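1. Return atomic coordinates for the entry below.
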Amino acid sequence: MPLRVTNVRLPVTLDEQHIGPELARRLGVDLPEVTGWRLLKKSLDGRSRNNLKFVYSVAVEIADEEKRLEALVRREGVDRYLPKTFDDPPPGPTPLEERPVVIGSGPAGLLAAHFLATRGYRPLILERGPGLKDRVGSIREFDRGGEHDPDDNYLFGEGGAGTFSDGKLTCRLSGPDVDWVIEKFAELSRQPSVAWEQRPHLGSNRLPFVVRNFRREIEAAGGEYRFGCRFEGIEIEDGRLVALATSQGRIPASLAILAIGHSARDTYQMLAETGIPMEPRAFQVGLRIEQPQDQIDAEAYGRPEYRDLLGAANYNLVARGDRDVYTFCMCAGGHIIPSISEPEMFCTNGMSNSRHDTPFANSGLMVTIEPEEFGSDDPLAGVRLQQQFESMAYRLGRSEYLAPAQRASDFLAGRSPNPVSRIETSYQRGSVPASLEMLLPSTVIATIKWALPLINRKYHKAFLPEAVLVGPEMRGSSPVRIVRDRDTFQSPGCNGLFPVGEGAGFAGGIISAGVDGMRAARAIVREFATVE
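-> Got it, this is the predicted structure:
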């Protein structure tokens, strides 16, 4: 039975071969008696910028462990390591006439499809956008000034929005379900450290490789992808799902995992008109702030060698008050990208590649707005609010998908930018000077203006001097929740329909969406037999 040793602290200048001797010291044994160890968690303690340390949690095996166990677990930071078992049920008894359908190939759909496929259910995956190869080419063309395609963009296509989402694999959830999903990403990314790093990051350049590997395993196990297949309608008889209407025709289906993502607004509308129960949900809005990465590095690292050892520094900041403002999806050495699913709209997001090698740092500055602020009790009122401000942003961007941008100093002072001035950002299509106050509700603008000086003081006044704001940032989470039963994962308006992931309002991020999709797939496995 392994032991767990926590709070193993080493200077960042020492590599992992020094963990073994430190474990022996902590356990009070000789180094040869440490017969094996593996990392469970690794984090960075950055409280002292001149003495940065890695903090490890380690599973350890030692010689004659059972005889010494009682004495060892009395030592500080040492306990028994008893990992919980992943729940992996055998197929259930209820026969299936049609194979399950997974609508959407983003993180929730991807993990649902993988779980079903590798257990013999041969799922059919419907993706409104193209396959990965075509999608990458289309995005590059858009970044060079090409037209926007509502079914082929940063949000729709193989892998969903997750493919170009920066590749952060952090998750506030914990437990064996989370471990299973993270370990699957570690395996298919060929990057084992994903399983133990505090803030694992694959990078937007590596994510297509991971998505491709998921697809290979799903297809090898009998799953089938249909690209360019938009979900357009649902047939219900006696409260049960019987078929799906798609852009490629009718598909008989008794089970469908609905993993549409939070930007499929046309699908939300169709589901609402069909009578699928939905409700408005609090979501986050804000702006994206960008600074020189070397400023962030200088503030985070007190010694020059830390930059070479640790790479581009990130930050995680919050201003707490009546309404909190917090940084979101911080992309060190990254790019600002468009998060657009409809024509004549504009919205921002961020991404960075694995090398974090641009001169820019960017992050969302987010504020939560509640359903009572939407101006209507319509379940889709939050979507309408998003569309209102995204449409304004498109017009401010000269109707060319340029990014409205403003220096932080001008934003705080209420000064309109010079319309012929040049504001440099990492957004590849280019930016246009604009007053950002009209891109968010006035209460949100006031909150961000209150928070920025506070955040700047926390960051020793290094946060704002050269900062630029771009906006709006509207797609951090879903403004809609598609109601489902807590135990069965099924919609009360349609037995056999399983709303999951960010689009259903039950997740926020790659890992939590993947966990949610996997759990719905597991509910299917638990009840239904495999398809003959």
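2. can you point me to the longest strand in the chain?
-> Identified as the longest strand of the chain according to DSSP state E is strand 34-45.
3. Show me what it is packed up against.
-> When contacts are defined as 3 or more C-beta pairs under 8 Å, 6 or more residues apart in numbering; DSSP states H and E, strand 34-45 packs onto helix 19-27, strand 53-62. Any C-beta I mention is one placed from the backbone N, CA and C, and that applies to glycine too.
4. Name the residues of the first one that come out as buried.
-> By 16 or more other C-beta atoms under 10 Å, the buried positions in helix 19-27 come out as 19, 22-24, 26-27.
5. Select, from the residues you listed, the two members most distant in space.
-> The largest distance within these, taken as C-beta to C-beta, falls between 19 and 27 and amounts to 12.2 Å.
6. Now render the helices and strands packed on strand 34-45 as JSON lines, adding mean pLDDT and distance to residue 108.
-> Below are the helices and strands packed on strand 34-45 laid out as JSON lines (pLDDT from 0 to 100; distance: least, C-beta to C-beta, whole Å):
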{"stretch": "helix 19-27", "mean pLDDT": "96", "distance to residue 108": "36"}
{"stretch": "strand 53-62", "mean pLDDT": "96", "distance to residue 108": "29"}
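7. quick one on the thing from earlier: of the buried residues of helix 19-27, closest to residue 503?
-> Out of the buried residues of helix 19-27, the member with the shortest distance to residue 503 (by C-beta to C-beta) is residue 19, at 41.3 Å.
8. Outside of the helix or strand bottoming out on mean pLDDT in the chain itself, list whatever touches it.
-> Within the chain, no helix or strand scores below helix 65-72, which has a mean of 87 by mean pLDDT, DSSP states H and E. With C-beta atoms under 8 Å, 6 or more residues apart in numbering as the test, helix 65-72 has contacts from 1, 3, 27, 62, 78, 80.
9. hey, where'd the helices end up in the protein?
-> 19-27, 65-72, 107-117, 132-143, 176-189, 207-220, 265-274, 293-300, 304-310, 381-396, 408-413, 442-458, 510-527 (DSSP state H).
10. For residue 357, find the nearest of those helices.
-> Once the helices of the chain are compared by C-beta to C-beta, helix 293-300 is nearest, at 9.2 Å.
11. Would you list the buried entries among the contacts of helix 65-72?
-> By 16+ other C-beta under 10 Å, the contacts of helix 65-72 give 3, 27, 62, 78 as buried.
12. So what sits opposite the first one in the bridge?
-> Note on residue 3: beta-bridge partners residue 60, residue 80, judged by DSSP bridges.
13. which residues does it contact?
-> 27, 59-62, 65, 69, 72-73, 78-81.
14. at 10 Å what do you get?
-> Residues near residue 3 by C-beta atoms under 10 Å, 6 or more residues apart in numbering: 23, 27, 37, 58-62, 65, 68-69, 72-73, 75, 78-81.
15. Please apply the same query to residue 336.
-> Residues near residue 336 by C-beta under 10 Å, 6+ apart: 288-290, 348-351, 360, 362, 403, 405, 425-428, 431, 468, 470-471, 473.
16. and it, what pLDDT?
-> We have a pLDDT of 97 for residue 336.
17. Now do it against residue 426, distance only.
-> Distance, residue 336 to residue 426, using C-beta to C-beta, to the nearest Å: 5 Å.
18. what is in contact with the two at once?
-> Common neighbours of residue 336 and residue 426, counting by C-beta under 10 Å, 6+ apart, are 290, 350-351, 360, 362, 403, 468, 470.
19. Mind checking which of the residues you listed are in strands?
-> Using DSSP E, the subset of those located in strands is 290, 350-351, 360, 362, 403, 468, 470.
20. Among those residues, the buried ones, what's the PyMOL command?
-> In PyMOL, this line selects whichever of these come out buried by 16+ other C-beta under 10 Å:
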select buried, resi 290+350+351+360+362+403+468+470
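21. Which members of the ones in strands among the shared contacts of residue 336 and residue 426 are the farthest-apart pair?
-> The widest separation within these (C-beta to C-beta) is 17.1 Å, between 351 and 468.
22. Against the centre of this structure, work out the most remote residue.
-> Within the chain, residue 67 marks the point farthest from the mean C-alpha position, 45.1 Å out by C-alpha atoms, centre = their mean.
23. Among the buried ones among the contacts of helix 65-72, find me the one that's closest to residue 90.
-> Of the buried ones among the contacts of helix 65-72, the one sitting nearest to residue 90 (C-beta to C-beta) turns out to be residue 3, at 32.8 Å.
24. And the spatially most central residue of the chain, how close does it get to residue 103?
-> Taking C-alpha atoms, centre = their mean as the criterion, residue 509 is the residue nearest the geometric centre of the chain, at 2.6 Å. Noted for residue 509: a distance of 20 Å to residue 103, by C-beta to C-beta.
25. What does the pLDDT read for the closest residue in space to residue 416 that isn't next to it in sequence?
-> Closest residue in space to residue 416, ignoring its immediate chain neighbours: residue 435 at 4.8 Å, by C-beta to C-beta, 6 or more residues apart in numbering. Residue 435 carries a pLDDT value of 97.
26. Please apply the same query to residue 166.
-> On the pLDDT scale, residue 166 is placed at 80.
27. Make sure it is actually in contact with residue 200.
-> No - under the criterion of C-beta atoms under 10 Å, residue 166 is not in contact with residue 200, lying 11.5 Å apart.
28. which neighbours do these two share?
-> Common contact partners of residue 166 and residue 200 (C-beta under 10 Å, 6+ apart): residue 510.
29. Buried residues, stretch 363-370. List them.
-> For stretch 363-370, a neighbour-count test (16+ other C-beta under 10 Å) marks 363-369 as buried.
30. and what of stretch 518-525?
-> Buried residues in stretch 518-525, counting neighbours by 16+ other C-beta under 10 Å, are found at 518-525.
31. Tell me how far that stretch lies from the chain's centre.
-> With C-alpha atoms, centre = their mean, to the nearest Å as the basis, stretch 518-525 stands 21 Å off its chain's centre.
32. OK, contacts around residue 275?
-> Neighbour list for residue 275: 234, 236, 491, 493-494 [criterion: C-beta under 10 Å, 6+ apart].
33. what do you get if the cut-off is 6 Å, keeping everything else the same?
-> Residues in contact with residue 275 (C-beta atoms under 6 Å, 6 or more residues apart in numbering) are residue 493.
34. do the same with residue 398
-> Contact analysis of residue 398 by C-beta under 6 Å, 6+ apart lists residue 432.
35. ditto for the one 3 residues further on
-> Contact partners of residue 401, counting by C-beta under 6 Å, 6+ apart, are 346, 429.
36. rerun at 8 Å
-> Taking C-beta under 8 Å, 6+ apart, we find residue 401 in contact with 142, 148, 338, 340, 346, 394, 429.
37. I'd like to know how far it sits from residue 289.
-> Separation of residue 401 from residue 289 (C-beta to C-beta) stands at 20 Å.
38. about what we covered before: dump the contacts of residue 401 into CSV; add neighbour count and distance to residue 188 as well.
-> As requested, these are exported to CSV (neighbours: other C-beta atoms under 10 Å; distance: C-beta to C-beta, whole Å):
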residue, neighbour count, distance to residue 188
142, 21, 27
148, 19, 30
338, 25, 27
340, 24, 28
346, 29, 33
394, 22, 37
429, 17, 32
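39. Among those residues, pick out the one closest to residue 186, please.
-> residue 338 (29.8 Å).
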